[in-house]
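>>> pasted the sequence and its predicted model underneath.
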Amino acid sequence: MSGAEGRKRQRAVMATDSDWQTVRERADAAGMDVSRFVVERLTAPAAVPESGAATRELAGAVARIERAVRVLYEVEKQRVEDSAGSETWEVLVRRAGVRVDAEEALG
């Protein structure tokens, strides 16, 4: 890279304190600083190819799985918030995210 293309520049990101804490914890679990973690996560190649019947079938399956996970997430969130409050939910989600990121970092 030459000139301005290879030069790093500071960027700004808007996030809640809770979200930013999650980003920090996940970056730490991956053994990266926050900047490198964010850039690598957001510039990684897409996991699903962009053409073909198999790709459409896979995309449909992924969409169904994502919907099921969202539904389960909302049900569990409501259950935890009703019994222990929203702060407990946020702590649990953050901790789970850190564990998952640490496992993914291991390969």
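Arrived safely, thanks for sending.

>>> what about the nearest residue to Leu92 once chain neighbours are set aside, helix or strand, and which?
Distance criterion C-beta to C-beta, 6 or more residues apart in numbering; nearest residue to Leu92, sequence neighbours excluded, is Val80 at 6.6 Å. C-beta: built from backbone N, CA, C; applies to glycine. Assigned by DSSP states H and E, Val80 falls within helix 53-84.

>>> how about that helix, which residues are buried there?
Under the neighbour-count criterion of 16 or more other C-beta atoms under 10 Å, helix 53-84 has Val80 buried.

>>> coming back round to it: which ones are touching the residue nearest to Leu92?
If you count contacts by C-beta atoms under 8 Å, 6 or more residues apart in numbering, Val80 has them with 88-89, 92.

>>> can you pick the most crowded of those residues?
When neighbours are taken as other C-beta atoms under 10 Å, the top entry among these is Trp89 (18 neighbours).
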